[in-house]
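Undergrad: this one's sequence-less:
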(Lines give C-alpha, C1' and ligand atoms only; values in the text may rest on other atoms or scores of the structure.)
Protein backbone atom coordinates (compact mmCIF):
# COMPACT_ATOMS: atom_id res chain seq x y z
CA UNK A 1 0.00 0.00 0.00
CA UNK A 2 1.47 3.32 -0.97
CA UNK A 3 1.58 5.85 1.81
CA UNK A 4 3.12 9.26 2.09
CA UNK A 5 5.85 8.93 4.69
CA UNK A 6 7.11 12.00 6.48
CA UNK A 7 9.44 12.81 9.28
CA UNK A 8 8.58 15.16 12.10
CA UNK A 9 11.49 17.06 13.66
CA UNK A 10 10.80 18.06 17.24
CA UNK A 11 12.99 21.06 18.06
CA UNK A 12 13.42 23.42 20.94
CA UNK A 13 14.27 27.08 20.54
CA UNK A 14 16.95 27.97 23.08
CA UNK A 15 17.28 31.61 24.03
CA UNK A 16 19.37 33.22 26.75
CA UNK A 17 16.31 34.93 28.27
CA UNK A 18 12.86 33.41 28.10
CA UNK A 19 10.93 36.66 27.88
CA UNK A 20 11.95 37.22 24.26
CA UNK A 21 10.22 33.95 23.31
CA UNK A 22 6.71 35.16 24.12
CA UNK A 23 5.68 36.58 20.74
CA UNK A 24 7.08 33.81 18.56
CA UNK A 25 5.06 32.96 15.43
CA UNK A 26 5.26 29.89 13.21
CA UNK A 27 5.64 32.12 10.18
CA UNK A 28 8.91 33.55 11.49
CA UNK A 29 10.32 30.08 12.05
CA UNK A 30 9.23 29.04 8.55
CA UNK A 31 10.86 32.07 6.93
CA UNK A 32 14.08 31.75 8.89
CA UNK A 33 14.32 28.05 8.09
CA UNK A 34 13.73 28.74 4.40
CA UNK A 35 16.47 31.36 4.34
CA UNK A 36 18.87 29.00 6.14
CA UNK A 37 18.17 26.11 3.75
CA UNK A 38 18.63 28.43 0.78
CA UNK A 39 21.97 29.65 2.12
CA UNK A 40 23.25 26.22 2.98
CA UNK A 41 21.99 24.14 0.06
CA UNK A 42 21.15 26.65 -2.66
CA UNK A 43 18.44 26.17 -5.26
CA UNK A 44 18.19 22.41 -4.67
CA UNK A 45 17.53 23.03 -0.99
CA UNK A 46 14.91 25.69 -1.72
CA UNK A 47 13.08 23.35 -4.06
CA UNK A 48 13.01 20.54 -1.49
CA UNK A 49 11.85 23.00 1.15
CA UNK A 50 8.96 24.17 -0.99
CA UNK A 51 7.48 20.74 -1.57
CA UNK A 52 7.40 19.20 1.86
CA UNK A 53 8.23 21.44 4.76
CA UNK A 54 5.66 22.98 7.07
CA UNK A 55 5.72 24.08 10.70
CA UNK A 56 3.02 22.00 12.35
CA UNK A 57 3.10 23.14 15.98
CA UNK A 58 4.66 25.91 17.96
CA UNK A 59 4.53 26.56 21.68
CA UNK A 60 5.63 30.07 22.53
CA UNK A 61 5.90 29.37 26.27
CA UNK A 62 8.40 26.53 26.12
CA UNK A 63 9.81 27.17 22.65
CA UNK A 64 8.93 23.76 21.21
CA UNK A 65 8.55 23.57 17.43
CA UNK A 66 7.34 20.63 15.32
CA UNK A 67 8.52 20.72 11.72
CA UNK A 68 7.32 18.28 9.11
CA UNK A 69 9.27 17.28 6.01
CA UNK A 70 9.40 14.46 3.50
CA UNK A 71 11.17 11.29 4.58
CA UNK A 72 13.72 11.38 1.77
CA UNK A 73 14.98 14.88 2.48
CA UNK A 74 14.66 15.44 6.20
CA UNK A 75 18.42 15.13 6.78
CA UNK A 76 19.11 18.00 4.42
CA UNK A 77 16.62 20.24 6.19
CA UNK A 78 17.97 19.09 9.55
CA UNK A 79 21.53 19.97 8.64
CA UNK A 80 20.47 23.52 7.76
CA UNK A 81 18.72 23.86 11.15
CA UNK A 82 22.04 23.90 12.98
CA UNK A 83 23.16 27.01 11.11
CA UNK A 84 20.32 29.20 12.32
CA UNK A 85 21.64 31.90 14.63
CA UNK A 86 18.74 34.30 15.01
CA UNK A 87 15.02 34.43 14.42
CA UNK A 88 13.20 37.39 13.00
CA UNK A 89 10.08 38.01 15.04
CA UNK A 90 7.83 40.98 14.22
CA UNK A 91 10.76 43.09 13.10
CA UNK A 92 12.99 42.14 16.03
CA UNK A 93 15.97 39.87 15.75
CA UNK A 94 16.11 37.32 18.56
CA UNK A 95 19.43 35.55 19.10
CA UNK A 96 18.77 31.86 19.54
CA UNK A 97 19.60 28.40 18.35
CA UNK A 98 17.45 25.38 17.53
CA UNK A 99 18.15 22.15 19.34
CA UNK A 100 16.60 19.03 17.80
CA UNK A 101 15.09 16.80 20.47
CA UNK A 102 13.49 13.98 18.53
CA UNK A 103 12.78 12.74 15.02
CA UNK A 104 9.51 10.87 14.68
CA UNK A 105 7.51 9.27 11.91
CA UNK A 106 4.16 10.48 13.17
CA UNK A 107 2.83 13.32 15.26
CA UNK A 108 1.72 10.84 17.91
CA UNK A 109 5.25 9.53 18.60
CA UNK A 110 6.48 13.10 18.88
CA UNK A 111 3.70 13.86 21.34
CA UNK A 112 4.65 10.84 23.46
CA UNK A 113 8.26 11.96 23.50
CA UNK A 114 7.26 15.51 24.34
CA UNK A 115 5.24 14.37 27.38
CA UNK A 116 8.23 12.36 28.61
CA UNK A 117 10.59 15.28 27.96
CA UNK A 118 8.38 17.79 29.76
CA UNK A 119 8.18 15.47 32.73
CA UNK A 120 12.00 15.30 32.76
CA UNK A 121 12.21 19.09 32.62
CA UNK A 122 9.86 19.38 35.58
CA UNK A 123 12.05 16.91 37.49
CA UNK A 124 15.07 19.07 36.69
CA UNK A 125 13.27 22.13 37.97
CA UNK A 126 12.33 20.53 41.29
CA UNK A 127 15.67 21.08 43.11
CA UNK A 128 15.68 24.72 42.04
CA UNK A 129 12.28 25.52 43.60
CA UNK A 130 12.59 27.82 46.54
CA UNK A 131 9.26 27.62 48.32
CA UNK A 132 7.18 24.61 49.31
CA UNK A 133 4.15 25.86 47.37
CA UNK A 134 6.20 25.79 44.15
CA UNK A 135 7.41 22.29 44.93
CA UNK A 136 3.84 21.08 45.45
CA UNK A 137 2.80 22.60 42.15
CA UNK A 138 5.65 20.97 40.29
CA UNK A 139 4.95 17.58 41.87
CA UNK A 140 1.28 17.84 40.94
CA UNK A 141 2.23 18.70 37.37
CA UNK A 142 4.58 15.71 37.17
CA UNK A 143 1.87 13.35 38.37
CA UNK A 144 -0.64 14.67 35.90
CA UNK A 145 1.47 13.98 32.79
CA UNK A 146 -0.27 11.58 30.45
CA UNK A 147 -0.91 11.15 26.74
CA UNK A 148 -4.72 11.16 26.78
CA UNK A 149 -6.03 14.70 26.63
CA UNK A 150 -2.57 15.63 25.51
CA UNK A 151 -3.47 19.14 24.42
CA UNK A 152 -4.98 20.05 27.80
CA UNK A 153 -2.17 18.40 29.73
CA UNK A 154 0.44 20.19 27.70
CA UNK A 155 -1.30 23.46 28.37
CA UNK A 156 -1.31 22.68 32.10
CA UNK A 157 2.33 21.65 32.16
CA UNK A 158 3.33 24.65 30.13
CA UNK A 159 1.33 26.84 32.49
CA UNK A 160 3.12 25.43 35.51
CA UNK A 161 6.44 25.52 33.65
CA UNK A 162 5.83 29.17 33.05
CA UNK A 163 4.87 29.85 36.67
CA UNK A 164 7.94 28.08 37.98
CA UNK A 165 10.17 29.86 35.54
CA UNK A 166 8.74 33.22 36.49
CA UNK A 167 9.15 32.40 40.15
CA UNK A 168 12.69 31.28 39.54
CA UNK A 169 13.60 34.48 37.75
CA UNK A 170 12.10 36.89 40.30
CA UNK B 1 22.52 6.29 25.36
CA UNK B 2 26.21 7.01 25.05
CA UNK B 3 28.06 9.83 26.66
CA UNK B 4 28.45 12.91 24.51
CA UNK B 5 31.39 15.20 25.00
CA UNK B 6 32.37 18.60 23.78
CA UNK B 7 36.11 18.94 24.06
CA UNK B 8 36.66 22.52 22.97
CA UNK B 9 35.20 25.48 24.82
CA UNK B 10 37.42 28.51 24.49
CA UNK B 11 38.35 29.76 27.92
CA UNK B 12 37.90 33.37 28.87
CA UNK B 13 38.51 35.44 31.94
CA UNK B 14 34.81 36.14 32.26
CA UNK B 15 33.53 33.56 34.74
CA UNK B 16 29.85 34.22 34.06
CA UNK B 17 30.26 33.51 30.38
CA UNK B 18 31.97 30.19 31.14
CA UNK B 19 29.19 29.38 33.59
CA UNK B 20 26.46 30.03 31.04
CA UNK B 21 28.27 28.00 28.36
CA UNK B 22 28.63 25.03 30.70
CA UNK B 23 25.00 25.29 31.78
CA UNK B 24 23.87 25.30 28.15
CA UNK B 25 26.08 22.29 27.45
CA UNK B 26 24.50 20.42 30.36
CA UNK B 27 21.04 21.33 29.09
CA UNK B 28 21.88 20.01 25.63
CA UNK B 29 23.05 16.67 26.98
CA UNK B 30 26.85 16.80 27.05
CA UNK B 31 28.33 14.75 29.91
CA UNK B 32 31.82 16.19 29.71
CA UNK B 33 33.26 19.46 28.49
CA UNK B 34 36.85 20.65 28.26
CA UNK B 35 37.93 24.27 28.67
CA UNK B 36 40.54 25.08 26.08
CA UNK B 37 43.49 27.38 26.80
CA UNK B 38 45.09 28.44 23.54
CA UNK B 39 48.77 29.31 23.66
CA UNK B 40 51.00 30.60 20.88
CA UNK B 41 54.58 30.42 22.03
CA UNK B 42 56.61 33.06 20.25
CA UNK B 43 59.93 32.53 21.94
CA UNK B 44 61.26 29.18 22.99
CA UNK B 45 60.78 29.49 26.73
CA UNK B 46 57.38 31.10 27.00
CA UNK B 47 55.34 30.46 30.11
CA UNK B 48 52.42 28.10 29.80
CA UNK B 49 49.53 29.54 31.79
CA UNK B 50 48.27 27.45 34.67
CA UNK B 51 44.59 26.63 34.22
CA UNK B 52 42.18 27.93 36.82
CA UNK B 53 40.86 25.19 39.07
CA UNK B 54 37.57 23.78 37.89
CA UNK B 55 35.89 24.12 41.27
CA UNK B 56 36.37 27.90 41.03
CA UNK B 57 33.74 28.15 38.34
CA UNK B 58 30.90 26.28 39.99
CA UNK B 59 29.99 25.35 43.52
CA UNK B 60 27.54 22.78 42.27
CA UNK B 61 27.86 21.54 38.73
CA UNK B 62 24.65 21.50 36.64
CA UNK B 63 23.07 18.12 36.06
CA UNK B 64 23.29 16.66 32.56
CA UNK B 65 19.98 16.46 30.68
CA UNK B 66 18.77 12.88 30.64
CA UNK B 67 21.12 11.61 33.35
CA UNK B 68 21.41 12.17 37.07
CA UNK B 69 25.10 12.93 37.35
CA UNK B 70 26.64 16.39 37.15
CA UNK B 71 28.63 17.55 34.17
CA UNK B 72 32.37 16.93 34.21
CA UNK B 73 34.69 19.80 33.33
CA UNK B 74 38.28 19.24 32.21
CA UNK B 75 41.18 21.47 31.22
CA UNK B 76 42.83 21.34 27.84
CA UNK B 77 45.78 23.10 26.26
CA UNK B 78 46.16 23.95 22.58
CA UNK B 79 49.53 24.98 21.26
CA UNK B 80 49.65 26.83 17.95
CA UNK B 81 52.87 25.42 16.62
CA UNK B 82 54.71 27.55 14.16
CA UNK B 83 58.09 26.35 15.26
CA UNK B 84 59.53 23.44 17.14
CA UNK B 85 58.43 23.25 20.77
CA UNK B 86 59.73 21.27 23.66
CA UNK B 87 57.60 19.10 25.93
CA UNK B 88 57.07 21.39 28.85
CA UNK B 89 54.96 20.98 31.98
CA UNK B 90 51.63 19.55 30.91
CA UNK B 91 50.58 17.99 34.20
CA UNK B 92 47.96 20.60 34.97
CA UNK B 93 46.06 19.83 31.80
CA UNK B 94 44.01 16.73 31.13
CA UNK B 95 44.27 17.01 27.35
CA UNK B 96 46.94 18.43 25.09
CA UNK B 97 46.34 19.53 21.51
CA UNK B 98 48.54 20.99 18.81
CA UNK B 99 47.60 23.11 15.82
CA UNK B 100 50.31 22.68 13.19
CA UNK B 101 50.73 25.42 10.62
CA UNK B 102 53.20 23.85 8.25
CA UNK B 103 53.54 20.50 6.56
CA UNK B 104 56.73 19.58 8.44
CA UNK B 105 55.10 20.29 11.80
CA UNK B 106 52.03 18.31 10.80
CA UNK B 107 54.21 15.34 9.95
CA UNK B 108 56.15 15.67 13.21
CA UNK B 109 52.95 16.08 15.24
CA UNK B 110 51.40 12.97 13.75
CA UNK B 111 54.46 10.79 14.24
CA UNK B 112 56.41 11.98 17.25
CA UNK B 113 54.78 14.66 19.39
CA UNK B 114 53.26 13.60 22.66
CA UNK B 115 49.78 15.04 22.08
CA UNK B 116 46.22 13.75 22.09
CA UNK B 117 44.56 15.93 19.48
CA UNK B 118 45.65 17.56 16.24
CA UNK B 119 43.49 20.52 15.24
CA UNK B 120 42.49 21.18 11.67
CA UNK B 121 42.36 24.72 10.32
CA UNK B 122 38.85 26.12 10.09
CA UNK B 123 39.31 29.81 9.46
CA UNK B 124 41.58 29.68 6.43
CA UNK B 125 42.40 27.62 3.38
CA UNK B 126 44.49 24.61 4.33
CA UNK B 127 48.12 25.64 3.61
CA UNK B 128 49.26 22.08 2.95
CA UNK B 129 47.72 18.87 1.68
CA UNK B 130 47.13 15.92 3.97
CA UNK B 131 49.34 13.02 3.02
CA UNK B 132 48.33 9.48 3.76
CA UNK B 133 51.58 8.46 5.51
CA UNK B 134 51.52 10.81 8.54
CA UNK B 135 47.74 10.50 8.90
CA UNK B 136 47.91 6.71 9.05
CA UNK B 137 50.82 6.95 11.46
CA UNK B 138 48.72 9.15 13.73
CA UNK B 139 45.78 6.74 13.56
CA UNK B 140 48.06 3.87 14.60
CA UNK B 141 49.38 5.86 17.54
CA UNK B 142 45.90 6.83 18.73
CA UNK B 143 46.05 10.56 18.00
CA UNK B 144 42.78 12.17 16.93
CA UNK B 145 41.96 14.91 14.44
CA UNK B 146 39.59 17.62 15.50
CA UNK B 147 37.21 19.84 13.54
CA UNK B 148 35.55 22.81 15.17
CA UNK B 149 32.18 23.98 13.94
CA UNK B 150 31.65 27.32 15.68
CA UNK B 151 33.39 29.23 12.90
CA UNK B 152 30.97 27.67 10.40
CA UNK B 153 28.05 29.00 12.41
CA UNK B 154 29.45 32.50 12.70
CA UNK B 155 30.36 33.31 9.13
CA UNK B 156 29.58 32.06 5.60
CA UNK B 157 33.15 32.24 4.28
CA UNK B 158 34.39 30.28 7.27
CA UNK B 159 31.69 27.72 6.54
CA UNK B 160 33.21 27.06 3.12
CA UNK B 161 36.70 26.64 4.55
CA UNK B 162 35.51 24.40 7.36
CA UNK B 163 33.59 22.10 5.03
CA UNK B 164 36.41 22.01 2.47
CA UNK B 165 39.11 21.21 5.02
CA UNK B 166 36.95 18.64 6.78
CA UNK B 167 36.11 16.82 3.55
CA UNK B 168 39.73 16.69 2.43
CA UNK B 169 40.68 15.23 5.82
CA UNK B 170 37.91 12.62 5.63
CA UNK B 171 39.12 11.54 2.22
CA UNK B 172 42.56 10.74 3.60
CA UNK B 173 41.67 9.21 6.94
CA UNK B 174 38.48 7.41 5.78
CA UNK B 175 36.50 8.73 8.72
CA UNK B 176 38.60 7.15 11.47
CA UNK B 177 39.89 9.00 14.54
CA UNK B 178 37.81 12.13 14.03
CA UNK B 179 36.25 14.22 16.73
CA UNK B 180 33.96 17.20 16.24
CA UNK B 181 33.81 19.90 18.86
CA UNK B 182 32.38 23.33 19.16
CA UNK B 183 35.12 25.88 19.77
CA UNK B 184 32.36 28.01 21.23
CA UNK B 185 33.03 31.41 22.75
CA UNK B 186 29.42 32.14 23.62
CA UNK B 187 26.59 29.88 24.78
CA UNK B 188 24.65 30.54 21.56
CA UNK B 189 27.31 28.84 19.48
CA UNK B 190 26.75 25.41 21.01
CA UNK B 191 24.66 22.79 19.26
CA UNK B 192 23.13 19.54 20.46
CA UNK B 193 25.01 16.27 19.94
CA UNK B 194 22.54 14.83 17.42
CA UNK B 195 22.73 18.04 15.40
CA UNK B 196 26.50 17.69 15.30
CA UNK B 197 26.23 14.09 14.21
CA UNK B 198 24.05 15.34 11.36
CA UNK B 199 26.66 17.94 10.46
CA UNK B 200 29.08 15.05 10.19
CA UNK B 201 27.00 13.80 7.26
CA UNK B 202 27.61 17.15 5.53
CA UNK B 203 31.33 16.51 6.10
CA UNK B 204 30.88 13.24 4.18
CA UNK B 205 31.20 10.98 7.22
CA UNK B 206 29.09 7.85 7.40
CA UNK B 207 26.28 7.78 9.97
CA UNK B 208 28.09 5.53 12.41
CA UNK B 209 31.31 7.50 12.11
CA UNK B 210 29.50 10.79 12.64
CA UNK B 211 27.87 9.61 15.85
CA UNK B 212 31.18 8.11 17.02
CA UNK B 213 32.87 11.45 16.38
CA UNK B 214 30.81 12.97 19.18
CA UNK B 215 30.77 10.08 21.61
CA UNK B 216 33.11 7.11 21.32
CA UNK B 217 36.13 8.89 19.85
CA UNK B 218 35.91 11.65 22.45
CA UNK B 219 36.02 9.06 25.20
CA UNK B 220 39.06 7.51 23.53
CA UNK B 221 40.78 10.92 23.55
CA UNK B 222 40.14 11.23 27.28
CA UNK B 223 41.67 7.82 27.93
CA UNK B 224 44.66 8.73 25.77
CA UNK B 225 45.11 11.88 27.83
CA UNK B 226 45.01 9.86 31.03
CA UNK B 227 47.64 7.44 29.80
CA UNK B 228 50.02 10.32 29.21
CA UNK B 229 50.36 10.61 32.97
CA UNK B 230 51.08 6.91 33.41
CA UNK B 231 54.00 4.63 32.74
CA UNK B 232 53.10 2.91 29.44
CA UNK B 233 49.44 3.07 30.37
CA UNK B 234 49.77 0.48 33.15
CA UNK B 235 50.78 2.22 36.36
CA UNK B 236 49.76 5.62 37.60
CA UNK B 237 50.49 7.56 40.73
CA UNK B 238 47.95 9.55 42.70
CA UNK B 239 48.61 11.95 45.50
CA UNK B 240 46.87 10.72 48.63
CA UNK B 241 45.51 13.40 50.92
CA UNK B 242 47.36 13.26 54.25
CA UNK B 243 44.96 12.59 57.13
CA UNK B 244 46.12 13.84 60.57
CA UNK B 245 46.05 10.28 61.99
CA UNK B 246 48.50 9.03 59.42
CA UNK B 247 50.83 11.86 60.16
CA UNK B 248 51.02 10.80 63.78
CA UNK B 249 51.86 7.21 62.87
CA UNK B 250 55.56 6.59 62.81
CA UNK B 251 55.54 3.29 60.89
CA UNK B 252 58.46 2.72 58.48
CA UNK B 253 57.92 3.29 54.77
CA UNK B 254 58.07 -0.39 53.74
CA UNK B 255 55.26 -1.32 56.13
CA UNK B 256 53.11 1.51 54.83
CA UNK B 257 53.36 0.27 51.26
CA UNK B 258 52.34 -3.28 52.22
CA UNK B 259 49.17 -2.21 54.01
CA UNK B 260 48.11 -0.17 50.96
CA UNK B 261 48.62 -3.10 48.61
CA UNK B 262 46.69 -5.65 50.66
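TA: Nice, I can see it. Bear in mind that the values here come from a model prediction, so they are computed numbers and not experimental data. Residues are numbered from 1 along each chain as shown, chains lettered A, B, ... in the order given.

Undergrad: tell me which element the residue nearest to residue B:3 when sequence neighbours are not counted falls in.
TA: Distances taken as C-beta to C-beta, 6 or more residues apart in numbering or on different chains put residue B:31 closest to residue B:3, at 4.2 Å, once the chain neighbours are dropped. To be clear about C-beta, it is placed using only N, CA and C from the backbone, and glycine gets the same treatment. Here residue B:31 sits within strand B:30-39, counting by DSSP states H and E.

Undergrad: partners of that strand, with directions?
TA: Strands adjacent to strand B:30-39 in the sheet, as given by DSSP bridges, are strand B:4-10 (parallel), strand B:72-81 (parallel).

Undergrad: picking up where we left off before, gap between the residue nearest to residue B:3 and chain A?
TA: Distance of residue B:31 to chain A, given as C-beta to the nearest C-beta, to the nearest Å: 15 Å.

Undergrad: and that residue, what does it touch?
TA: B:3, B:4, B:5, B:64, B:67, B:69, B:71, B:72 (C-beta atoms under 8 Å, 6 or more residues apart in numbering or on different chains).

Undergrad: return the member of those nearest to residue B:95.
TA: residue B:5 (10.6 Å; C-beta to C-beta).

Undergrad: and what about the residue lying closest to the closest one once chain neighbours are set aside, helix, strand or coil?
TA: Using C-beta to C-beta, 6+ apart and skipping the chain neighbours, the partner closest in space to residue B:5 is residue B:218 (3.8 Å). When classified by DSSP: H, G, I helix; E, B strand; the rest coil, residue B:218 comes out as helix.

Undergrad: could you report the neighbour count for residue B:218?
TA: 26 (other C-beta atoms under 10 Å in any protein chain shown).

Undergrad: list the buried residues of the strand holding residue B:31.
TA: B:30, B:31, B:32, B:33, B:34, B:35, B:36, B:37, B:38 (16 or more other C-beta atoms under 10 Å in any protein chain shown).

Undergrad: could you do stretch B:50-57 as well?
TA: residue B:51.

Undergrad: ends of that stretch, how far apart?
TA: 15 Å (C-alpha to C-alpha, to the nearest Å).

Undergrad: can you give me the mean pLDDT across that stretch?
TA: The average of the pLDDT scores along stretch B:50-57 is 72.

Undergrad: stretch B:114-126 now?
TA: Per-residue scores along stretch B:114-126 average to 86.

Undergrad: residue A:119 contacts residue A:142, correct?
TA: Yes: using C-beta atoms under 8 Å, residue A:119 is in contact with residue A:142, at 5.8 Å.

Undergrad: span of stretch B:49-56 from start to end?
TA: Note: stretch B:49-56 ends 16 Å apart using C-alpha to C-alpha.

Undergrad: what comes into contact with it?
TA: B:11, B:15, B:35, B:37, B:39, B:73, B:74, B:75, B:77, B:92, B:93.

Undergrad: pick the one among those closest to chain A.
TA: For the contacts of stretch B:49-56, the closest approach to chain A (C-beta to the nearest C-beta) belongs to residue B:15, at 16.4 Å.

Undergrad: can you name every helix or strand that the longest helix anywhere in chain A contacts?
TA: For chain A, the longest helix by residue count, based on DSSP state H, is helix A:26-52. Contact analysis of helix A:26-52 by 3 or more C-beta pairs under 8 Å, 6 or more residues apart in numbering or on different chains; DSSP states H and E lists strand A:54-59, strand A:64-70, helix A:74-81, strand A:86-89 as its packing neighbours.

Undergrad: residue B:128 contacts residue B:103, correct?
TA: Yes: using C-beta under 8 Å as the test, residue B:128 is close enough to residue B:103 to be in contact (3.9 Å).

Undergrad: any residues in contact with both of these two?
TA: With C-beta under 8 Å, 6+ apart as the test, residue B:128 and residue B:103 reach no residue in common.

Undergrad: name the nearest residue to the residue nearest the centre of chain A, ignoring sequence neighbours.
TA: Centroid-nearest residue in chain A, with C-alpha atoms, centre = their mean: residue A:64, separated by 1.7 Å. Distances taken as C-beta to C-beta, 6+ apart put residue A:12 closest to residue A:64, at 5.7 Å, once the chain neighbours are dropped.

Undergrad: that neighbour reaches residue A:66, doesn't it?
TA: No: using C-beta under 8 Å, residue A:12 is not in contact with residue A:66; the gap is 10.6 Å.

Undergrad: let me know the helix or strand that residue B:134 is in.
TA: Assigned by DSSP H and E, residue B:134 falls in helix B:132-141.

Undergrad: what is the rounded mean pLDDT of that helix?
TA: Helix B:132-141 comes out at a mean pLDDT of 90.

Undergrad: list the buried ones in it?
TA: Neighbour-count burial for helix B:132-141 [16+ other C-beta under 10 Å]: B:134, B:135, B:136, B:138, B:139.

Undergrad: nearest residue to the fourth one in space, please, no chain neighbours.
TA: The shortest distance from residue B:138 to any residue other than its chain neighbours is 3.8 Å, reached at residue B:110 (C-beta to C-beta, 6+ apart).

Undergrad: does the one you found belong to a helix, a strand or coil?
TA: helix.

Undergrad: show the contacting residues for it.
TA: B:118, B:134, B:135, B:137, B:138, B:141, B:143.

Undergrad: which of the residues you listed lies closest to residue A:43?
TA: residue B:135 (35.2 Å).
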